[in-house]
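S.K.: sequence unknown, structure follows:
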């Protein structure tokens with residue numbers, strides 16, 4: 001069982017930056033692909049990006065490429081989402097999620113952290 005706790009959300013002006021963190025409990029953190037998702041009010045949850053267990057593969061949704069960066073520190077059981085040049089449309093509840101490398105679906109989810117970008 002893996003428990004995930006996000007932190008780092010807040011209110012920021014357009015063009016600003018935030019870094020979200022997601023701390024994972026449990027062992028074998030490097031055996032999990034970690035993902036970031038977001039859900040804006042009235043919209044479906046959206047995939048933001050993910051990172052493989054050793055960090056060798058990282059993918060992003062097109063709308064955040066060049067602005068967001070996912071990284072992980074397996075020694076600290078933590079994954080990060082660095083968000084730069086934030087836009088009002090980035091406003092959402094951001095979740096981290098984990099899945100075992102051999103499994104297709106994300107089975108473990110955090111409680112979310114709110115990011116609000118003002119114009």
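M.R.: Happy to help now that I have it. Note that the coordinates shown come from a computational prediction; the quantities given were computed from them, not determined experimentally. Residues are numbered from 1 along each chain as shown.

S.K.: Give me the phi and psi angles of the nearest residue to residue 48 once chain neighbours are set aside.
M.R.: In space, and not counting its chain neighbours, residue 48 is closest to residue 36: 4.2 Å by CB to CB, 6 or more residues apart in numbering. C-beta here means a position set from N, CA and C on the backbone, and glycine is covered the same way. In terms of degrees, to the nearest 10, the main-chain angles of residue 36 are phi -120, psi 140.

S.K.: Go ahead and confirm residue 80 touches residue 68.
M.R.: No. With contact defined as CB atoms under 8 Å, residue 80 does not count as touching residue 68 (10.3 Å).

S.K.: what about stretch 35-43, start to end distance?
M.R.: One end of stretch 35-43 sits 19 Å from the other (CA to CA, to the nearest Å).

S.K.: Also stretch 1-8?
M.R.: 24 Å.

S.K.: Tell me the buried residues in that stretch?
M.R.: 2, 4, 6, 8 (16 or more other CB atoms under 10 Å).

S.K.: Restricted to strands, list the residues you listed.
M.R.: 4, 6 (DSSP state E).

S.K.: ok, and what's touching stretch 90-105?
M.R.: 2, 4, 6, 9, 20, 22, 24, 31-40, 43, 45-46, 48, 52-53, 64, 79, 81, 83, 106-117 (CB atoms under 8 Å, 6 or more residues apart in numbering).

S.K.: Which of those fall within strands?
M.R.: Per DSSP E, these map to strands at 4, 6, 20, 22, 24, 32-39, 46, 48, 79, 81, 83, 108-109, 113-117.
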